[in-house]
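**Q** Here is a sequence together with a model predicted from it:
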Amino acid sequence: MSPTPIEAVLLVFILVTALSTALLRDVLASVIAFAAYSLGVSILWVVLQAPDVGLTEAAVGAGVMTILFLLALANTTRPPAESAIESVSPKTALAVVAFVLVMGATIPALPAVGSPDGAVVSGNVTDYYIQNAYSETGVHNAVTAVLASYRGLDTLGEAVVVFAAGVAALAVLRREEFA
Amino acid sequence: MSSGESTGLYVESTIIMTTVRAVAPFVLTFGLFIMFHGADTPGGGFQGGVVAGAVVMMLAFAYGIDATREWVDSRLVVAVGALGVLTFAGIGLGSIALGGTFLEYTLYPIKKASKYGMEVVELAIGGIVATVVVGLFFVVADGFGHVIDEGGEEP
């Protein structure tokens, strides 16, 4: 399946911003490129009809993470950048290319986007959720039904992990209160 | 050192203050909408909590981090998160107490128990996430100079 023009533009944008994040010498520029990367990914999720994931990526990746990075930068010293681009040693470049090739080799094993034979589409579990989510849980958004009902225990674990992460940050920074 | 630097971050700007004053209520409403309406439209507690927490960041951006820190009650921030964990776990374990399995909403004796139970759970998640987002913001804004200073004094 060839990507639509919108998807192609988004993929190029994501690739360029991802490379900029890795290669820009200035950390502030890197953070800004990373925010642009997150925004691109979130739009791609929406284009691929996963608005729940897109919303999370936009709010957390592009929004809050950028602000936290900027705050961390403001509290540290930023070394002056002699050149705009990070110099990459041949060894690093070789390792990155090898990693990309290995990861790329797994792509043919994935079903095409929207393929009717994909495990997600043809799986019994997906079918069950789509058929029964509304009648069993009473909510229209099947994603919410899975998160808050069918997989509620997992979500409780996730929520507690988020809470624990906040508590751990307090403990590491030896503070007793958030605000 | 750290508090001096965090005030140094702040630039008082009429444009930013006016914009934030106009936009903040709508962002908070949008965050609450995502949280409350996650059952029928994309979104839910996680996303809505982050957006609602971002309102505090916007206020800090416009009016200064230290001023916002004084305005926000630190007990309220912790209480919202802790209450979220307790509510979620309470609803989950409550249905076991009623003789069912974990998070079996339909056992609660209210109309559309499943739907409203999930709404409450989403709100609880939103509270947890908003607390942690706001908390991390203030903690990171404060820097970690004091930790290094304290660490140096220890034997």
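**A** Structure received. Residues are numbered from 1 along each chain as shown, chains lettered A, B, ... in the order given.
**Q** Need the outlier residue of chain A, farthest from its centre.
**A** Most distant from the centre of chain A: A:Ser135, at 31.7 Å, with distances by CA atoms, centre = their mean.
**Q** ok, now how distant is that one from chain B?
**A** According to CB to the nearest CB, to the nearest Å, A:Ser135 and chain B sit 10 Å apart. All C-beta atoms are positioned from the backbone trio N, CA, C, and that covers glycine.
**Q** which SS class is that residue?
**A** Per DSSP: H, G, I helix; E, B strand; the rest coil, the secondary structure class of A:Ser135 is helix.
**Q** tell me which residues in stretch B:51-69 are buried?
**A** Across stretch B:51-69, burial judged by 16 or more other CB atoms under 10 Å in any protein chain shown covers B:51-66, B:68-69.
**Q** Put the alpha carbons of that stretch into PDB.
**A** Extracted in PDB, the C-alpha atoms of stretch B:51-69 (Å, rounded to 0.1, in the frame of the first residue of the first chain):
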ATOM      1  CA  VAL B  51      -4.800  19.200  29.500                       C
ATOM      2  CA  ALA B  52      -6.300  20.300  32.800                       C
ATOM      3  CA  GLY B  53      -2.800  20.200  34.400                       C
ATOM      4  CA  ALA B  54      -1.400  22.300  31.500                       C
ATOM      5  CA  VAL B  55      -3.700  25.200  32.600                       C
ATOM      6  CA  VAL B  56      -1.600  25.600  35.700                       C
ATOM      7  CA  MET B  57       1.500  25.700  33.500                       C
ATOM      8  CA  MET B  58      -0.100  28.400  31.400                       C
ATOM      9  CA  LEU B  59      -0.800  30.400  34.500                       C
ATOM     10  CA  ALA B  60       2.800  30.000  35.600                       C
ATOM     11  CA  PHE B  61       4.000  31.000  32.100                       C
ATOM     12  CA  ALA B  62       1.900  34.200  32.300                       C
ATOM     13  CA  TYR B  63       2.200  35.200  36.000                       C
ATOM     14  CA  GLY B  64       5.400  33.600  37.100                       C
ATOM     15  CA  ILE B  65       6.200  30.200  38.600                       C
ATOM     16  CA  ASP B  66       6.700  31.400  42.100                       C
ATOM     17  CA  ALA B  67       3.500  33.500  42.100                       C
ATOM     18  CA  THR B  68       1.600  30.400  40.800                       C
ATOM     19  CA  ARG B  69       3.300  28.200  43.400                       C
END
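**Q** Give me the residue at the spatial middle of chain B.
**A** The C-alpha lying nearest the average C-alpha coordinate of chain B belongs to B:Ala130 (CA atoms, centre = their mean; 1.3 Å).
**Q** Helices - which of the buried residues of stretch B:51-69 land there?
**A** Of these, the ones assigned to helices by DSSP state H are B:51-63, B:65-66, B:68-69.
**Q** Of the residues you listed, which are in range of chain A?
**A** B:Val51, B:Gly53, B:Ala54, B:Met57, B:Arg69 (CB under 8 Å from any CB of the partner chain).
**Q** Please render these as JSON lines that adds pLDDT to the earlier fields.
**A** What follows is these, written out as JSON lines (pLDDT from 0 to 100):
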{"residue": "B:Val51", "pLDDT": "93"}
{"residue": "B:Gly53", "pLDDT": "92"}
{"residue": "B:Ala54", "pLDDT": "92"}
{"residue": "B:Met57", "pLDDT": "91"}
{"residue": "B:Arg69", "pLDDT": "88"}
